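Student: Just a sequence and a predicted model for now, questions to come.
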Amino acid sequence: MREIIIESLDKIAKSAELFLELLGEKRVIAFYGSMGAGKTTFIKSICECLGVNETVNSPTFAIINVYQGSDCDEIYHFDCYRINSDKEAEDLDLGTYFYSGNWCFIEWPENIEKFLPEDAVRVNIKAEIEGKRIVTIEE
């Protein structure tokens, strides 16, 4: 396990850069954490590091947002909070995204756990006192 401590929002960009370095070639990233833990905020910072110029926000109702990175590859951002059944997950054809070779950032992956690739990186984000966040990367 590796851990990144985000001391404050002022330092989140450096944490996002370090996070990307630690991932290596992995592209499917599942973010676990309670409501308000900072999953979307951290994903936004990661996307900025990847050259996304668009507004990055949680795709709660759309379920999937697609962004363009600076290398012209698509970046997929999932919010699976509203997925209530395997049938709903199957209808999204998740494998098309997960095996595309593009970045896939997934919030609330517990709702689609059985559809995640074996090599998906599991990340836990925990809010601490005074806005500090602890990002734990499971290996």
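Tutor: In hand now; what should we look at? Residues are numbered from 1 along each chain as shown.
Student: quick one: contacts for the closest residue to Glu128 other than its chain neighbours?
Tutor: Spatial nearest neighbour of Glu128, chain neighbours left out: Ile134 (6.1 Å); criterion: CB to CB, 6 or more residues apart in numbering. Bear in mind the C-beta positions are built from the backbone N, C-alpha and C, glycine included. By CB atoms under 8 Å, 6 or more residues apart in numbering, Ile134 lies in contact with 3-6, 125-126, 128.
Student: among those, who's most crowded?
Tutor: Neighbour tally across the contacts of Ile134 (other CB atoms under 10 Å): the maximum, 26 neighbours, falls on Ile6.
Student: That one pairs with what?
Tutor: Arg133 (DSSP bridges).
Student: Would you agree it is in contact with Ala13?
Tutor: No - assessed by CB atoms under 8 Å, Ile6 is found out of contact with Ala13, at 10.0 Å.
Student: hang on, the earlier thing: looking at the contacts of Ile134, which are in strands?
Tutor: Judged by DSSP state E, these include 3-6, 125-126 as members of strands.
Student: Do you know the pLDDT at Glu25?
Tutor: Here, the pLDDT recorded for Glu25 equals 93.
Student: Thank you kindly, that will do.
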